[in-house]
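Asks: Give me a model of this one.
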Amino acid sequence: MKAFRSQLTYANVMASAAVFLALGGSAYALTGIPDHGGVYHGCVARSGALRVVTKASSCRKAKTVRRGTRRVRIRGESAIAWNQEGRQGLQGIQGRDGTQGQPGPFADVLPSGKTIKGAFYFKTTIGSYSFAFSLPSVPIVHVRSFGASASAECPGTAGDPQAAPGHLCLYQSNNSAATACVFATDDPSSSCTSATKFGFAASASGDMSGQWAVTAP
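Replies: As a prediction, this is how the structure comes out:
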């Protein structure tokens with residue numbers, strides 16, 4: 001008979017615990033299982049059968065009973081406990097440094113063929129406008145009157161400002177009779193159609209607004 005008797009082993013106890021958790025563990029949430037610390041308590045018989053209880057003291061103690069003229073020793077249950085959540089693992093090793101990323105789309109100097117756009121509002125006082133990036137060379141300035149036809153240097157409109165490489169085009173969007181003077185920010189005495197590699201300054205005989213575009217050569 002002993003050959004057929006199951007033994008209490010870690011494997012069969014853990015297998016029984018796994019079945020309990022998979023099939024019905026959540027149903028005990030309102031009955032004190034697991035306890036307030038998240039610990040499950042169980043009682044394991046010598047056969048390996050697992051009985052889940054609210055506390056370890058619920059496990060049956062070994063006892064001796066009389067059966068006729070004989071005294072029989074009834075084995076008790078072994079108390080076990082396990083957590084819902086395992087212990088925190090060790091800190092993993094630090095990962096390797098990543099490879100250097102590619103340069104961004106812009107450098108300090110605007111790449112050839114790239115266009116920057118902006119808005120302007122000219123009046124009798126002088127205002128300055130920055131390209132945000134340096135151009136490789138000073139652009140040629142074109143002030144386009146309201147409704148002017150597109151040209152090779154300035155193929156856009158006030159609603160869609162464009163400029164050929166090496167050119168700065170200012171498109172007037174209001175039908176104003178004012179005239180504008182666009183000049184280099186570092187030389188107010190320069191001609192009325194000049195700029196620098198970094199931007200331009202301007203004034204007008206009256207209010208004038210619109211959009212501008214500059215493209216690196």
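Asks: what sits against the residue nearest to residue 155 when sequence neighbours are not counted?
Replies: The shortest distance from residue 155 to any non-neighbouring residue, by Cβ to Cβ, 6 or more residues apart in numbering, is to residue 162 (5.1 Å). Placement of C-beta: from N, CA and C, glycine included. Residue 162 sits next to 115, 154-156, 169, 213, 215 when contact means Cβ atoms under 8 Å, 6 or more residues apart in numbering.
Asks: Quick one: classify residue 162 as helix, strand or coil.
Replies: On the three-state scheme (DSSP: H, G, I helix; E, B strand; the rest coil), residue 162 is labelled coil.
Asks: so where is this protein shaky, pLDDT-wise?
Replies: Across the chain, residues meeting the criterion (pLDDT under 70) sit at 1-30, 84, 104-107, 188.
Asks: again, only this time at 50
Replies: Across the chain, the ranges flagged by pLDDT under 50 are 1-8, 10, 13, 19, 22-30.
Asks: Using the record's assignment, carve this protein into domains.
Replies: Structural domains of the chain, as assigned by automatic domain parsing, span the residue ranges 2-83, 115-215.
Asks: show me what contacts residue 161?
Replies: Under the criterion of Cβ under 8 Å, 6+ apart, the contact list for residue 161 reads 117, 169, 171, 211-213.
Asks: Any quick PyMOL command for the buried ones out of those residues?
Replies: Buried members of the contacts of residue 161 can be picked out in PyMOL with the line below, counting by 16 or more other Cβ atoms under 10 Å:
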select buried, resi 169+171+211+212+213
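Asks: Next step: the contacts of residue 161 restricted to strands.
Replies: By the criterion of DSSP state E, membership of those in strands covers 117, 169, 171, 211-213.
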